[in-house]
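Participant: Structure for this input, please:
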Amino acid sequence: MGMASNVSVHEVFNAFDTLSEILLLLPPEETYKLILVSKRWLQIISSPFFRHAYLARWKPTFHLIGFFICNTSYVGKQHVERVRRPRSESSMPLLSTSSLGDEVETSGVLKKLGYYIDSSNGVLLCGRHPKAYYLWDPRTKKQLKIPRHRAHFEEVVMSLITEDCPVQGFSYKVVRGECVSYAAQSSKVRVEIYSSKTTTWSYSELTCGETISLTPWTAGRVIGGVVYWYATGGKVAIYDTNDEEKRIDVIKLPKTFNYDEQVLGESSDGCLQYGWSNKSVMEIWKLEKVSDVLEWSIQFKLNFKAMWRMNPVESARFNTRTKETQLLAFFNQNSESVFIRCDSHIFVFDTKNQRVEEVKYQGRGSSFVWDYCKVLPYFQLSWPSSSSASLLEEGNM
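Facilitator: The predicted structure follows:
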């Protein structure tokens with residue numbers, strides 16, 4: 001009788017569906033350890049089906065690899081405003097905050113990839129416009145050259161979309177939008193999308209309900225296949241890459257002033273976040289639907305002087321009274337913390353307890369003219385993330 005009971009338990013725990021349901025209930029720090037139990041458990045936990053279900057149940061977490069320093073005056077069309085990069089300066093400098101970042105920085109691979117364009121779940125999109133674009137994965141150290149695009153856009157804005165399907169696995173899209181002068185008074189935007197599923201570039205002409213002009217070489221945001229790009233006139237353009245209607249919409253940003261710092265991000269509940277700051281104040285806004293209409297709602301407002309008064313130790317240590325503070329970037333899918341900068345120092349500010357904590361990094365941060373650079377955090381999806389080797393295989397080109 002005891003033997004029959006043991007066999008029954010053994011059969012239950014080896015059933016794929018049953019074991020998967022049990023493992024889905026465990027937090028990431030526990031489930032990760034269970035891959036060592038047996039090959040069977042490793043197979044289940046590593047499967048695309050389990051990973052997809054796990055991320056649907058548990059909020060994904062992200063690991064900060066470092067910060068890329070991007071000087072857009074080095075890229076774009078050949079005109080008098082373009083600045084030639086000094087040979088002593090790296091084309092894609094990384095301020096590392098992790099062991100993986102240290103490894104990437106010291107490997108020398110960044111020198112071969114051109115300029116930073118975008119990233120998604122740790123996969124880098126970079127290149128030398130308009131000659132070549134590359135994807136690179138720090139986990140697998142694999143590099144993939146994107147096939148030559150068909151349409152020539154003199155000035156562009158670009159985004160990378162990575163997708164995870166339990167059946168087809170990982171796939172990606174590279175989206176290019178043409179930037180034309182607002183003086184052209186155009187209500188159309190030409191875009192090209194390269195898809196790893198079709199291995200081809202597809203060209204579309206999107207229609208907008210008003211005059212639109214995208215801002216070249218700015219950091220957009222991708223949320224659920226929807227691309228958000230800055231547009232002139234203090235607006236943000238919204239393009240759903242999965243929509244067959246071939247249209248692009250714009251919405252006015254809540255506050256825009258010349259020379260203010262502006263950043264886009266994704267909130268904890270999957271909405272677009274917008275933040276801006278000047279030398280004294282920072283505001284965080286969220287875009288959400290109210291009665292089926294997109295509206296901005298303010299989430300947080302902060303006076304920097306008041307913030308430093310609440311953090312006297314850090315204020316004294318970094319002599320913040322004589323230096324300007326500004327909003328730097330959002331965390332990934334996080335509404336509670338933001339990155340801020342004071343001089344060449346980077347901090348995490350918690351909007352709940354209003355505490356400031358320094359982010360230590362490796363790199364010559366003091367050697368950059370920060371006011372002319374965009375500092376972009378580089379995140380990697382923490383476990384469970386599959387090795388994206390399949391994403392960069394020849395078959396997905």
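Participant: CA only for contacts and neighbour counts going forward, please
Facilitator: Noted.
Participant: looking at this structure, which helix or strand does the model trust least?
Facilitator: The weakest-scoring helix or strand in the chain, judged by mean pLDDT, DSSP states H and E, is helix 2-13 (a mean of 50).
Participant: buried set for whichever helix or strand comes after it?
Facilitator: The first helix or strand that comes after helix 2-13 along the chain, using DSSP states H and E, is helix 16-24. Applying a neighbour-count criterion of 16 or more other CA atoms under 10 Å, the buried positions in helix 16-24 are 20, 23, 24.
Participant: could you dump the very next helix or strand once past helix 16-24 to PDB, C-alpha only?
Facilitator: Remark: after helix 16-24, the chain's next helix or strand is helix 28-31, criterion DSSP H and E. Extracted C-alpha coordinates of helix 28-31, given in PDB (Å, rounded to 0.1, in the frame of the first residue of the first chain):
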ATOM      1  CA  PRO A  28      11.500  33.700  -8.800                       C
ATOM      2  CA  GLU A  29      14.200  33.300  -6.200                       C
ATOM      3  CA  GLU A  30      12.900  29.900  -5.300                       C
ATOM      4  CA  THR A  31      12.000  28.600  -8.800                       C
END
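Participant: Correct me if wrong, but residue 119 is in a strand.
Facilitator: Yes - assessed with DSSP: H, G, I helix; E, B strand; the rest coil, residue 119 lies in a strand.
Participant: Burial check on it, number of neighbours?
Facilitator: By other CA atoms under 10 Å, the residues close to residue 119 number 23.
Participant: any idea of the pLDDT on it?
Facilitator: Per-residue confidence (pLDDT) for residue 119: 95.
Participant: Is it bridged to anything, and to what?
Facilitator: residue 124 (DSSP bridges).
Participant: mind listing what it touches?
Facilitator: 125, 159, 160, 378 (CA atoms under 8 Å, 6 or more residues apart in numbering).
Participant: Mind listing the strands the helix or strand hosting the third one pairs with, and their directions?
Facilitator: What that stands for is residue 160. Using DSSP H and E, residue 160 sits within strand 156-165. When pairing is defined by DSSP bridges, strand 156-165 lines up against strand 169-178 (antiparallel).
Participant: average pLDDT across the partner strand?
Facilitator: 91.
Participant: Just the C-alphas of that strand, formatted as PDB.
Facilitator: Provided in PDB are the C-alpha atoms of strand 169-178 (Å, rounded to 0.1, in the frame of the first residue of the first chain):
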ATOM      1  CA  GLY A 169       9.800  31.700 -29.200                       C
ATOM      2  CA  PHE A 170      11.600  35.100 -29.500                       C
ATOM      3  CA  SER A 171      11.300  37.400 -32.400                       C
ATOM      4  CA  TYR A 172      12.100  41.000 -33.100                       C
ATOM      5  CA  LYS A 173      11.200  44.100 -35.200                       C
ATOM      6  CA  VAL A 174      13.400  47.100 -36.100                       C
ATOM      7  CA  VAL A 175      11.200  50.200 -36.700                       C
ATOM      8  CA  ARG A 176      12.500  53.200 -38.700                       C
ATOM      9  CA  GLY A 177      10.500  56.400 -39.000                       C
ATOM     10  CA  GLU A 178      11.400  59.200 -41.300                       C
END
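Participant: Quick check: what element follows that strand along the chain?
Facilitator: Counting by DSSP H and E, what follows strand 169-178 is strand 188-195.
Participant: Which positions in that following strand come out as buried?
Facilitator: 188, 189, 190, 191, 192, 193, 194, 195.
Participant: check contacts around residue 265.
Facilitator: 221, 272, 273, 274, 329, 330, 331, 332, 333.
Participant: so it sits in a helix?
Facilitator: No - counting by three-state DSSP, residue 265 is located in no helix; its state is strand.
Participant: What residues are bridge-paired with it?
Facilitator: Here residue 265 shows beta-bridge partners residue 273, assigned using DSSP bridges.
Participant: For residue 355, see how far away it is.
Facilitator: 21 Å (CA to CA, to the nearest Å).
Participant: on that earlier part again, dump the contacts of residue 265 into a markdown table; add distance to residue 179 as well.
Facilitator: Formatted as a markdown table, the contacts of residue 265 follow (distance: CA to CA, whole Å):
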| residue | distance to residue 179 |
| --- | --- |
| 221 | 17 |
| 272 | 22 |
| 273 | 23 |
| 274 | 21 |
| 329 | 24 |
| 330 | 25 |
| 331 | 27 |
| 332 | 27 |
| 333 | 28 |
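Participant: can these go into a markdown table with extra columns for distance to residue 314 and neighbour count?
Facilitator: Putting the contacts of residue 265 into a markdown table (distance: CA to CA, whole Å; neighbours: other CA atoms under 10 Å) gives the following:
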| residue | distance to residue 314 | neighbour count |
| --- | --- | --- |
| 221 | 31 | 25 |
| 272 | 31 | 20 |
| 273 | 27 | 25 |
| 274 | 26 | 25 |
| 329 | 20 | 24 |
| 330 | 21 | 25 |
| 331 | 21 | 20 |
| 332 | 25 | 23 |
| 333 | 27 | 20 |
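Participant: Quick one: these as TSV, columns for distance to residue 205 and pLDDT too.
Facilitator: Formatted as TSV, these follow (distance: CA to CA, whole Å; pLDDT from 0 to 100):
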residue	distance to residue 205	pLDDT
221	20	96
272	24	97
273	27	97
274	27	96
329	31	96
330	31	96
331	33	94
332	31	91
333	31	90
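Participant: Report pLDDT for residue 258.
Facilitator: 66.
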